[in-house]
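Student: sequence below, structure please.
(chains A and B)
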Amino acid sequence: MIFRDDPTAEESRHGYFMKQALLMGEKAIELNETPVGCVLVYDDKIVGLGMNDTNRSMNGTKHAEFIAIAQMLQSYPRSALQSTDLYVTVEPCVMCASALKQYRIRSVYFGAANDRFGGTGGVLSLHSDSSIDPKYPVYGGLFEKEAIMLLRRFYIQENEKAPNPRPKKNRELNTRFDDDQEPEW
Amino acid sequence: MDIQKAIRDLHPLGGQVVPIRTVQETRPVEEFADAFVAEVNVKAASKVIKALDSAFPKDPSLPLSHLRRFAKREMLPQPLREAIEAQNAPAAPGQTLFVLLSPPLPDVEKLKAILAPFAPAPAPATPNATATDGAADESSVQTIHLQPVKIPLCPPFNTTQAETWTKTLWPVVFNPAAPRSFVAPPPQTLARAQESIEPHAGYFLSLAHLVAQEAEQSGLGRGVGAVIVDPAITSESQQWDEAVLAVAGDARYSRPEGGAPSQAQQHPDMAPNPASKTYNADLEGGPELHALMRAVELVARWRRENDREDPAQECDTLSPLESHFLYRHHPDPVPLSPSLKRKHENPTESDIVDESDLHVPLPGPPSVDHSVPAPATPRIRTRAQGGYLCTDLDVYLSHEPCLCCSMGLLLSRFRAVIFPRGGRLESGGLASEPVVGPVAEEDPAEAGSKDERGYYGLHWRKELNWRALGFEFVEDVDVETHTPVFHA
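Tutor: Model (predicted):
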């Protein structure tokens, strides 16, 4: 039972969905995909799950958001996205931020900001730019550290799929959260 | 449709290939700007960032990642440190940090109010601490002092410049991976690409239009087409289409959603699809069904079918043109056809795939005419051959791609993107400025309202890790200028 009027219940509700997104990120790491996970929530139910799928598909555009949307659209019409919220461990990239706008997502909750590719504040702010589709609200920082740790665990590995893999044998997993630190992705 | 004939009959578009300027070129920024530095409690550093970021939006066209956000007192440039210490007595060593407040600068009072909770803890009274500010009683209210400072808006060229700025202005980070080419592509690179694109651009764009037409007439999508070309494939026989790896049309009406029939199924035998008359978001499918995204997916699909030991059956249906270009290679292990080769490389015979590896969807591949010397090697490089995403490839589009597809092409690592200027769209992601030219006198009010679109110039932005060369094709003849509203 969800008590929407109770802020702590509301907080734990967001927390619950973000944890499910983080679990998708865990799954991605097991499959050697960049650990970004997400869930789509419609009517308090998870209707789509996604994780990054670029290595398996050999397609650099197969981000978690697209996978989750494809899953949702098997059972729901596109119009349902207007009443759907996205929980994603890392801020949507420019591509996904635009896609979410075209799909008219209701709102987006993310964990870690993405100042390399982010499309909802990191690099561009497509969610709040004027366009032929409505703007959508974005809330960041939910389980931020957990999302960053997933990425760090991934990027400490070597990417044997890359054309020129970089040796990373001597790297140690950084578990600190200093504020003056450069992000790793 | 007789595909071979349709391709042979194509007339190239006539026009000029023109580089799309970057937003750094169309909107140059001043080199230096005013900023503030404030001293805050070292323990509150993360809260300071959160408070600032949530209160004041960043200017996305002004990434300042070369500037350190915080500096310790001993890292401050000498002049800045002296100026600060003339205002405030130093707090206990190591207890404070200095935060940079960079443009766009918000209201000073608002800034002070936001930072007030993170003011340094009161310094213990020291004998040489002099009352510099009559109003400030150190034991009571903590105030934030905003020290004006100049900052460089562009990243340093080299370590020397970084060190100079660090010593005189504010601590700066030099990132060798982000050289000054972030402003615009190096001129030689741009010129070389343009030279290689010019000879056949008219043909590839004409083919993109043919693919667009096919998509529209099938009722499966809007009239948008994409053509992926490997510029390294040169043909002695001067067959321009030898270098085409894959083509794809828009298919936004092809997907059944939520168990309901697709827009195309709901309007069988109707072309163009009635949904294309207006922009109703609910009927627009999604960007993964746009021409560019589908073309990228076809290249990936070909690799999945050919790189794997146990290729999975792929079942998305392809149009006749799409199937023709994706599967037209002739898989006989005969010696390489001398008419088709890549610059700087020679694929080995072991890279040639067996026909049994191909799972050709409906409609089937065009039957191979053995009387014509067919190219003997697959055009798309497998992973074993060094093929990775769409690295080093060019994409020709009938329209300016939407923001989503524009970023998709960067994530796919294309070398270059080319579209006709007549295919510009309000929702496009590549143009960086309005078209200026001989325009008939217009109602200024109308002209203003017409230019509401954003000019993102996404192909070459300094903030993004990946960049592509962007070109517009300016046709010799005036094309109709009415621009429909939709995402291509």
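Student: residue ranges with poor pLDDT in the stretch 51-200 of chain B?
Tutor: B:91, B:122-142, B:157, B:177-181 (pLDDT under 70).
Student: got the residues of it near chain A?
Tutor: Counting by C-beta under 8 Å from any C-beta of the partner chain, the stretch 51-200 of chain B comes close to chain A at B:57-58, B:60, B:63, B:65, B:68-70, B:97, B:173. Just so you know, the C-beta spots here come from the backbone N, C-alpha and C atoms, and that holds for glycine as well.
Student: which of the residues you listed sit farthest apart?
Tutor: Greatest spacing in these, by C-beta to C-beta: B:Pro60 and B:Leu97 (25.9 Å).
Student: the two: who's more crowded?
Tutor: B:Leu97 (24 against 19; other C-beta atoms under 10 Å in any protein chain shown).
Student: can you confirm the more buried one is in a strand?
Tutor: Yes. B:Leu97: assigned to a strand according to DSSP: H, G, I helix; E, B strand; the rest coil.
Student: contacting residues around it?
Tutor: The contact partners of B:Leu97, taken as C-beta atoms under 8 Å, 6 or more residues apart in numbering or on different chains, are A:180, B:39-42, B:45, B:70-72.
Student: next, count neighbours for A:Arg152.
Tutor: Neighbours of A:Arg152 (other C-beta under 10 Å): 17.
Student: which element follows the helix or strand where A:Leu40 lies toward the C-terminus?
Tutor: Assigned by DSSP states H and E, A:Leu40 belongs to strand A:37-42. With elements assigned by DSSP H and E, the helix or strand that comes after strand A:37-42 is strand A:45-51.
Student: give me the mean pLDDT for that following strand.
Tutor: For strand A:45-51, the mean per-residue pLDDT is 98.
Student: got it, and stretch B:14-27?
Tutor: Mean pLDDT, computed over stretch B:14-27, is 91.
Student: helices of chain A, start to end?
Tutor: A:7-30, A:54-57, A:64-75, A:94-102, A:144-155 (DSSP state H).
Student: now do the stretch 1-150 of chain B
Tutor: B:3-8, B:23-26, B:45-55, B:78-87, B:108-115 (DSSP state H, counting those that start in this stretch).
Student: return the list of helices and strands in contact with the shortest one.
Tutor: Packing contacts for helix B:23-26, counted by 3 or more C-beta pairs under 8 Å, 6 or more residues apart in numbering or on different chains; DSSP states H and E, involve no helix or strand.
Student: show me which positions of it end up buried.
Tutor: B:23-24 (16 or more other C-beta atoms under 10 Å in any protein chain shown).
Student: what separation do you get for B:Thr96 and B:Ala45?
Tutor: 10 Å (C-beta to C-beta, to the nearest Å).
Student: again, but for B:Tyr253
Tutor: From B:Tyr253 to B:Ala45 the distance is 52 Å (C-beta to C-beta).
Student: and those two? Which one has more around it.
Tutor: Neighbour count, other C-beta under 10 Å: between B:Tyr253 and B:Ala45, B:Tyr253 has more, with 26 against 19.
Student: hang on, B:Leu207 packs against B:Val395?
Tutor: No. Assessed by C-beta atoms under 8 Å, B:Leu207 is found out of contact with B:Val395, at 12.0 Å.
Student: where does the prediction get shaky in the stretch 251-400 of chain B?
Tutor: B:308-315, B:329-377.
Student: tell me which parts of it are close to chain A?
Tutor: Residues of the stretch 251-400 of chain B lying near chain A (C-beta under 8 Å from any C-beta): B:255, B:257-260, B:279, B:281-288, B:293, B:296-297, B:300, B:303-304, B:307, B:383, B:386, B:388-391.
Student: in PyMOL, how would I select just the buried ones from these?
Tutor: Only the buried entries of those go into this PyMOL selection, using 16+ other C-beta under 10 Å:
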select buried, chain B and resi 255+257+281+282+283+284+285+286+287+288+293+296+297+300+303+304+307+388+389+390
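Student: what about B:Arg252, how many residues nearby?
Tutor: Around B:Arg252 there are 28 residues (other C-beta under 10 Å).
Student: oops, could you answer that again for A:Ile29 instead?
Tutor: 18.
Student: list the contacts for it?
Tutor: A:35, A:150, A:153-154.
Student: helix A:144-155 and the lowest-mean-pLDDT helix or strand in chain A, what's the angle between them?
Tutor: The weakest-scoring helix or strand in chain A, judged by mean pLDDT, DSSP states H and E, is helix A:7-30 (a mean of 91). Helix A:7-30 runs at 0 degrees relative to helix A:144-155, counting by axes from the mean of the first three to the mean of the last three C-alpha atoms, to 10 degrees.
Student: all the strands of the stretch 351-488 of chain B, residue numbers only.
Tutor: B:394-397, B:416-420, B:469-475 (DSSP state E, counting those that start in this stretch).
Student: in CSV: those strands, plus mean neighbour count and distance to B:Pro320.
Tutor: Output for those, formatted as CSV (neighbours: other C-beta atoms under 10 Å in any protein chain shown; distance: least, C-beta to C-beta, whole Å):
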stretch, mean neighbour count, distance to B:Pro320
strand B:394-397, 28, 19
strand B:416-420, 26, 23
strand B:469-475, 22, 25
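Student: please identify which of these is closest to B:Tyr456.
Tutor: Going by C-beta to C-beta, the one of these nearest B:Tyr456 is strand B:469-475, 10.9 Å.
Student: each with direction, which strands does that closest one pair with?
Tutor: Sheet pairing for strand B:469-475, assigned by DSSP bridges, gives strand B:15-19 (antiparallel), strand B:416-420 (parallel).
Student: C-alpha coordinates for it, CSV please?
Tutor: Listed in CSV are the C-alpha atoms of strand B:469-475, where the atom choice follows Å, rounded to 0.1, in the frame of the first residue of the first chain:
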residue,chain,number,x,y,z
LEU,B,469,32.0,16.4,-39.3
GLY,B,470,28.7,18.0,-40.3
PHE,B,471,27.8,19.1,-43.9
GLU,B,472,24.8,20.6,-45.5
PHE,B,473,24.1,20.1,-49.2
VAL,B,474,22.9,23.3,-50.7
GLU,B,475,20.9,22.5,-53.8
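Student: can you list the low-confidence ranges for chain A?
Tutor: For chain A (pLDDT under 70), the answer is A:1-7, A:158-163, A:165, A:178-185.
Student: centroid residue for it?
Tutor: A:Val88 (2.9 Å; C-alpha atoms, centre = their mean).
Student: these two touch, right, that one and A:Ala21?
Tutor: Yes. At 5.9 Å, A:Val88 counts as touching A:Ala21 under the criterion of C-beta under 8 Å.
Student: show me the contacts for the closest residue to A:Pro77 other than its chain neighbours.
Tutor: In this structure, A:Pro77 finds its nearest non-sequential neighbour in B:Gly258, 4.0 Å apart by C-beta to C-beta, 6 or more residues apart in numbering or on different chains. Contact partners of B:Gly258, counting by C-beta under 8 Å, 6+ apart, are A:73-78, A:80.
Student: quick one, strands of the stretch 201-350 of chain B?
Tutor: Counting by DSSP E, counting those that start in this stretch, the strands of the stretch 201-350 of chain B are B:225-229, B:233-235, B:244-249, B:340-342.
Student: if we can go back for a sec, alpha carbons only: can I get the least confident helix or strand of chain A in CSV?
Tutor: Coordinates of the C-alpha atoms in helix A:7-30 are reproduced here as CSV (Å, rounded to 0.1, in the frame of the first residue of the first chain):
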residue,chain,number,x,y,z
PRO,A,7,6.4,12.2,2.5
THR,A,8,8.4,9.4,4.1
ALA,A,9,6.4,6.9,2.2
GLU,A,10,6.8,8.9,-0.9
GLU,A,11,10.5,8.9,-0.3
SER,A,12,10.7,5.2,0.3
ARG,A,13,8.6,4.7,-2.9
HIS,A,14,11.2,6.6,-5.0
GLY,A,15,13.9,4.7,-3.2
TYR,A,16,12.2,1.3,-4.0
PHE,A,17,12.1,2.1,-7.7
MET,A,18,15.6,3.4,-7.8
LYS,A,19,16.8,0.2,-6.1
GLN,A,20,15.2,-1.8,-8.8
ALA,A,21,17.0,0.3,-11.4
LEU,A,22,20.3,-0.3,-9.5
LEU,A,23,19.6,-4.1,-9.6
MET,A,24,19.3,-3.7,-13.4
GLY,A,25,22.7,-2.0,-13.3
GLU,A,26,24.1,-5.0,-11.3
LYS,A,27,22.8,-7.3,-14.0
ALA,A,28,24.5,-5.2,-16.7
ILE,A,29,27.8,-5.5,-14.9
GLU,A,30,27.5,-9.3,-14.9
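Student: thanks a lot, see you next time.
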